[in-house]
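Enquirer: Return a 3D structure for these sequence lines:
(4 chains, ligands or ions: 4)
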Amino acid sequence: MSAVATGTRGVTSAPWFTSLVTVVLLVAMLGIGGSVYPGFLSLQVIFNLLIDNAFLLVIAVGMGFVILAGGIDLSVGSVLALSTMISAWLLQHAHWPPVAVVALVLLLGACFGGAMGAIIHLFKLQPFIVTLAGMFLARGLCYLISVESITIDDPVFTAMSQTQVPILGGFLSPGAIIALVVLLVAIWLAHFTAFGRAVYAVGGNEQSAAMMGLNVGRTKVLVYALSGFCAALGGVLFAFYMLSGYGLHGQGTELDAIAAVVIGGTLLTGGYGYIAGALSGVLVLGAIQTLIAFDGTLSSWWTKIVIGALLFVFCVVQRVMGGRSKQ
Amino acid sequence: MSTTGATVKPSAQAAASRAALLQHPLVRPLGALVALLLVDAFLVPGFFHLEVKEGHLYGAIIDILNRAAPLMLAALGMTLVIATRGIDISVGAVVALSGTVSAMLIGGSEPTTPMALALAASLGVALLCGLWNGVLVAGIKLQPIVATLILMVAGRGLAQLLTDGQIVTVYYEPFFFLGSGYLAGLPFSLFVVAAVFAVTLLLVKKTALGLFIQAVGINPVAARLAGLRTATLITFVYVFCSACAGLAGMLITSNIKSADANNAGLLLELDAILAVTLGGTSLAGGKFSLVGSMIGALIIQTLTYTIYSLGVPPEVNMVVKSIVVFVVCISQSSEFKNILRRSA
Amino acid sequence: AKPLTIGFSQVGAESEWRTANTASIKDAAKKAAVNLKFADAQQQQQNQVKAIRSFIAQRVDVIAFSPVVETGWETVLREAKNAKIPVILTDRAVKVTDPSLYVSFIGSDFVEEGRRAGRWLLEYAKKNGDKPLNIVELQGTTGAAPAIDRKNGFAEVIGANPKLKVIRSQTADFTRAKGKEVMEAFLKSEGKKINVLYAHNDDMAIGAIQAIEEAGLKPGKDIIIISIDGVKGAFEAMKAGKLNVTVECNPLLGPTLIQTAQDVVAGKPVPKRIVVNEGVFPAEVAAKELPNRKY
Amino acid sequence: MIDSKKPVLEVTGIHKAFPGVKALSDAGLRLFPGEVHTLMGQNGAGKSTLIKVLTGVYQPDAGSIVLEGRAIQPRSTQDAQNLGISTVYQEVNLCPNLSVAENIFIGRYPRRFGMVDWRSMRSQATALLARLEIHVDVSKPLADYPLAIQQMVAIARALNTESRVLILDEPTSSLDEAEVQMLFSVLRRLREEGMAILFVTHFLDQTYAISDRITVMRNGEREGEYACADLSRLALVNKMIGAPADAEHAAETAGAGEVNEHGEVFLRARGIARKGVLSPVDLEIRRGELLGLAGLLGSGRTETARLLFGADKADSGSFDIDGKQVSFSNPRDAIAQGIGFCSEDRKHEGAILALSVRENLILALQARQGIFRAIPFKRQQQLATDYVKWLGIKTASIETPIGTLSGGNQQKVLLARWLATDPRLMILDEPTRGIDVRAKQEIMDYVSNLCRKGMSILFISSELPEVLRVSDRMVVMRDRKACGEYQRGELDETSVLHVIAGETA
Ligand SMILES: Nc1ncnc2c1ncn2[C@@H]1O[C@H](COP(=O)(O)OP(=O)(O)OP(=O)(O)O)[C@@H](O)[C@H]1O
Ligand SMILES: Nc1ncnc2c1ncn2[C@@H]1O[C@H](COP(=O)(O)OP(=O)(O)OP(=O)(O)O)[C@@H](O)[C@H]1O
Ligand SMILES: [Mg+2]
Ligand SMILES: [Mg+2]
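Expert: Ligands and ions are numbered 1, 2, ... in the order given. Have a look, this model is predicted:
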């Protein structure tokens, strides 16, 4: 490590610089969109990025912790689906009060993640495999509840779905606001608590962290529990957003979340990056989609090709300008 | 200075070597596979039954082997990528792309392009894909997962672009031999896998490739200082992985006599990574086992087949699959044995 | 006058059927000189919601979409309604408490398709001496609406004849490769017992036909095959005698959709439910029908 | 008089076996409050393993650990820390991604309103390091600093506790004289405060400079415990080796012999520089010459070596080899010209931990031969066995993963890696780090021998006497540039120290 770092000292190697590049690129992307597509650069379009991706932001925050700790969590998409499913079922068929439903779902999510973390730690298994199995399990449990989607018509959920909180002439959804609050709490957690710093230490070098007397096991279990919690919260937000529970919800969300975290400047090998990067990553992904939706002339395959191309341009420019070579 | 001070005595050595055999990294994946097969033997009537039909062997085992062929190929390539501490999630897209290219070039009952050329072209496309990934990872130094994410998204789009989103059906009989023909009573695809496997094994064992890949995976900085061409090596493994995926794509296309750009190889990358990890190779890079990955692929395919033949309701598929993966992994971990020993 | 702008959110490009559906809509829009904003959702509901939001932001005249799933549309449709943009559904209905959230639904009825497949089998059983028949079913993607509905419709009808029994039912994800793989497993474990195959779409049926042939059986004779969709490949298979019947699910909704959209904007009343023409094509008519197939 | 006190830590009958190796058998140790106790032994004697058992990294197979009269069984390093034992392990075990300050404080942050107080953490860290005469930006990541600084950070971390027992496993192996003196003065102060300090080193001078008592280990056993004053150097070495060592004194005092006859210039570097790291340096190495590079920490020696080897690219300047101009853009180019480089940071830049001794040993040779001309397995074994014998590498077998070897033995394997390529110029950056007295002499003899056969050597070491003893010529570096060049015999230790420190002698 030290060897590589010798060569790239200076401004461009500072982690904040990469983040800055990301933000600049994002602004540039929005600017280009605005100049090409009329109506693109309205405040509401930017807010819609947040509204539509609130659940992804929350999940990416959880994923950010896992990746910083050097792990990965593939189960988040399925846990999201399972959470929508359990919420819908409890609300519609068991007629639980919404607060109890949300509390239970969040608890279950945290337990699910924590259990995976415990398995990973106790049996020294690879996070990839364990969370992949977790992904199958959560998705499978959805179908055990019901194969069909369940509509939610609970008034509280409906209110959360349809309330528009006016801000600066536009509006945000309660879900988006919750997501932003989660982000702030997570930043605080990552940078100002012993837990957050332990996450960085474990991701930097697990063995050293243990030698320095940190409780690696507890940190890992907590990190996965946190990710499970975030996935469940993402599920709740998704249920607010869609007003339904469905076993096929959120397919591929894990990949989106990982991509968001990585684009936000976090190293997949752990230890380097900022939780706040999740926001820029999510916004980049959202902006790409919005650009395509505004274009409105692309066929299904051109959509994929253009997403790939934009990702490519973005990552390469970020890499070349941000120039961090720690790998 | 003595080098013998801490070596073991010969009497203990025999016991140690026996223990070492049980400690062999392949014992566990193999054990899991055998256990699954045993379950099948008990629960699926006629599972091991083989008969000769139309001059070739016919039975569940043959099906599993034949179906596992593309996965085994993908897992072979993925093993080397993972050994360098990388990951390639574009495998499925490359499968779709190369399958599409071969199907389109071969076309109707009379091929528009000579078959050899068509196959070479689709392999060429796969190689290009690999080169692209390799350059992004080794040249531009993008993180492997994002680098290959780009092709994962765009590759399938390209394949659909070529076919206008249609399924391309192939009518040219000789092409079918690749994926559904039989040689010496066994599916030809197995010979393809065996050949690739043998070549890879040879490369890894008889040249210094295996050593170099491990070195790069474990400590890239030290490997560079020892004079390895780290960038070339990394590019090579991505090219190799895509080539394997390309071959897998041709097998799949030939087997279903059509190329489905939308669905071919969907999520194959996940299964390939799962196969590699089940085979005992760590995602953290370094030591790898090609045989292990083969066994891993067979475990996955056997499991899928078991689920189909047991008549598990589709709603429960996923739960069953996840529980098996959990059980296999946990029972394989050495910690589990320690816990058993402690409680015994 | 300013040309009409329609925002259309498609599910994705997961099958030939879907591609034909997209092509039909694009063609019709071009013919009618309508400005079509097309967005592909890559199978994800949230992407459709995002697309609809962006249509609202762009103030299109009409929003149309093929919902990925029936539930979860209240909020965004309400936003569309508030923006006074009429919404037309194609291909699949949505479940909403307030039916005024959309003006019309054009498309097929998946349950009915399942029923038709079932009715054809009832007929067949009657004609062939009312012997007991063992059925295996290849389901679509678990949880997908067409899979659920086609299964239910079929089950509902064949329930009338106790001699018809579904002995195996497994998902094959609507794809050829999976159709073949699952059928192989069925053939190994059930062997000669299988009389009928019911596949939720043609692709799976085509895959399964290959598996049946490789097992040394004659598809269409040793095993009766029923499938749904009516794509070109199915007609070719029927012509070759390998498939017995396909229930049409018409993807060519484009002209109807554009017409309806124009009517809505012009203020003409449109029916809440527009059913498109769909037929049942047994093998006997395949040769005659094949040249007419556009997709 | 010490014996009248009660030991704060008493370890007896420790056994520890690894697969294929018995690392400790009946090892033991007594540690009294207010003493510096040195643990000595050859490479692979079991010193680090004993320390790891004491601090909960490994669980012993048998034996007892008594801390302040209470039997303890630390299950993890955290346990050990909570019990009041703080440790600096042999390999730097810190988190390279975290800032220097965090590495010192992680696990026991200063807090304000329950939150990590970054400001006070930084100022405390700066103050703590200043006590060790280290002045660095503590908010930069640890990975930005060279190994020596990292080592000091690890020490600072260990000092910053309320512990009763402080354990330092070869903390001085990458430090220069001044740093060592700094460390020692801190240790003396702690000793006065009543702390019990366990210290591991291979430097006899340091042992005698600081320790009160010595425990000698041999082959995983406690050979004996001695008061420092009662044990002569010769006796100490004899006890470590387990046989009378007659040549020992030679190692300490005598030079390497006559000045070599040198051939023509092999490598000439003109004005090589790298922005922010190294000012232009001219360097000339003749065939068969052993060129020493002396200087303080951070004086730019390692960077010079890296530029010569192509590990980093020079911004300016040029190289000639055999009179022909060359340019290196990566290590391969240098290797192709017959240059070898043994890095100072063996954990990150040298050893490939999960690979076997054999694989590590042949890696550079194989890399030079290329992928397809694989060295036959027999030949690999031959090479490995030979070097294991020649360099006295203590390993269960040549197939053992290098990561399980003791630190000194890892270093020897890496040395062998380059010797196996039969280089024309060998760059040795702190090659004797962590190598025991006897082996050190053997290695230096071996190297000088090669030199006499025509190999050139660039030798970097923070041990000034060593550099003075072996080099034919010596270049002194200061503030990232070369500031003087001296022929053998022109200078003695004190005058060099003046040059290094920047006072003209
Ligand atoms: N984790 C391990 N697995 C197997 N063998 C080990 C392990 N750790 C140490 N050993 C072996 O135990 C023996 C003692 O090693 P140790 O590191 O304690 O030596 P040391 O006295 O510290 O030597 P040095 O002076 O070189 O640091 C060595 O032979 C080493 O190979
Ligand atoms: N005491 C120190 N204070 C601050 N920075 C230092 C110190 N020591 C080394 N450095 C850093 O190290 C860089 C040069 O280190 P280099 O490794 O080339 O020197 P060196 O002479 O080989 O020293 P070392 O003994 O650490 O190997 C300097 O640019 C500086 O950033
Ligand atoms: Mg040691
Ligand atoms: Mg140095």
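
Enquirer: Flag the helix or strand of the chain with the lowest per-element mean pLDDT.
Expert: You didn't say which chain, so I picked chain A. Among the helices and strands of chain A, helix A:2-7 carries the lowest confidence by mean pLDDT, DSSP states H and E, at a mean of 34.

Enquirer: Packing partners of the next helix or strand after that one?
Expert: Downstream of helix A:2-7, the next assigned helix or strand under DSSP states H and E is helix A:15-36. Judged by 3 or more Cβ pairs under 8 Å, 6 or more residues apart in numbering or on different chains; DSSP states H and E, helix A:15-36 is in contact with helix A:277-295, helix A:300-322. Glycine gets a C-beta too; all of them are placed from N, C-alpha and C.

Enquirer: Tell me what angle whichever helix or strand comes after helix A:15-36 forms with helix A:15-36.
Expert: Of the helices and strands lying after helix A:15-36 in sequence (DSSP H and E), the nearest is helix A:43-68. With axes from the mean of the first three to the mean of the last three Cα atoms, to 10 degrees defining the directions, helix A:43-68 sits at 150 degrees from helix A:15-36.

Enquirer: Kindly list the longest helix within chain C.
Expert: When chain C is parsed with DSSP state H, its longest helix is helix C:110-127.

Enquirer: touching chain B at all, whichever helix or strand comes after it?
Expert: Per DSSP H and E, the first helix or strand lying C-terminal to helix C:110-127 is strand C:133-139. Yes - using Cβ under 8 Å from any Cβ of the partner chain, strand C:133-139 reaches chain B at residue C:139.

Enquirer: swap in stretch D:417-432?
Expert: Yes - judged by Cβ under 8 Å from any Cβ, stretch D:417-432 and chain B are in contact via residue D:417.

Enquirer: tell me which residues of that stretch are tucked away?
Expert: By neighbour count on 16 or more other Cβ atoms under 10 Å in any protein chain shown, the buried set for stretch D:417-432 is D:417-421, D:423-432.

Enquirer: which among those residues gets closest to ligand 1?
Expert: Closest to ligand 1 out of the buried residues of stretch D:417-432 is residue D:432 (11.6 Å), distances taken as Cβ to the nearest ligand atom.

Enquirer: The closest one against residue D:460, yeah?
Expert: No - using Cβ atoms under 8 Å, residue D:432 makes no contact with residue D:460, being 10.6 Å away.

Enquirer: does chain A sit close to stretch C:245-257?
Expert: No - interface with chain A: stretch C:245-257 contributes nothing (Cβ under 8 Å from any Cβ), its closest point being 14.1 Å away.

Enquirer: if we can go back for a sec, elements contacting the longest helix of chain C?
Expert: Packed against helix C:110-127 by the contact rule (3+ Cβ pairs under 8 Å, 6+ apart) you find strand C:133-139, helix C:145-158, strand C:164-171, strand C:196-199, strand C:224-229, strand C:245-248, strand C:280-282.

Enquirer: chain center to that helix: distance?
Expert: 16 Å (Cα atoms, centre = their mean, to the nearest Å).

Enquirer: what does that helix contact?
Expert: Applying Cβ atoms under 8 Å, 6 or more residues apart in numbering or on different chains, the external contacts of helix C:110-127 come out as C:92, C:131, C:133, C:135, C:145-146, C:148-158, C:160-161, C:163-164, C:196, C:198, C:224, C:226-228, C:244-245, C:247, C:249, C:278, C:280, C:282.

Enquirer: Same list (the helices and strands packed on helix C:110-127) but as JSON lines, adding mean pLDDT, mean neighbour count and distance to residue B:253.
Expert: Conversion of the helices and strands packed on helix C:110-127 to JSON lines gives the following (pLDDT from 0 to 100; neighbours: other Cβ atoms under 10 Å in any protein chain shown; distance: least, Cβ to Cβ, whole Å):
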{"stretch": "strand C:133-139", "mean pLDDT": "95", "mean neighbour count": "23", "distance to residue B:253": "21"}
{"stretch": "helix C:145-158", "mean pLDDT": "93", "mean neighbour count": "22", "distance to residue B:253": "25"}
{"stretch": "strand C:164-171", "mean pLDDT": "93", "mean neighbour count": "19", "distance to residue B:253": "22"}
{"stretch": "strand C:196-199", "mean pLDDT": "96", "mean neighbour count": "28", "distance to residue B:253": "21"}
{"stretch": "strand C:224-229", "mean pLDDT": "94", "mean neighbour count": "27", "distance to residue B:253": "21"}
{"stretch": "strand C:245-248", "mean pLDDT": "92", "mean neighbour count": "27", "distance to residue B:253": "24"}
{"stretch": "strand C:280-282", "mean pLDDT": "90", "mean neighbour count": "18", "distance to residue B:253": "28"}
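
Enquirer: Distance check, the closest residue to ligand 1 within the stretch 101-250 of chain B against chain D.
Expert: Ligand 1 sits closest to residue B:218 of the stretch 101-250 of chain B, with a gap of 16.3 Å, by Cβ to the nearest ligand atom. Using Cβ to the nearest Cβ, to the nearest Å, residue B:218 is found at 5 Å from chain D.

Enquirer: Name the nearest residue to that residue, sequence neighbours excluded.
Expert: residue B:286 (4.2 Å; Cβ to Cβ, 6 or more residues apart in numbering or on different chains).

Enquirer: Can you classify that neighbour as helix, strand or coil?
Expert: On the three-state scheme (DSSP: H, G, I helix; E, B strand; the rest coil), residue B:286 is labelled coil.

Enquirer: what's near enough to touch it?
Expert: B:83, B:85, B:214, B:217-218, D:354-355.

Enquirer: from those residues, which is closest to residue B:100?
Expert: residue B:83 (29.3 Å; Cβ to Cβ).
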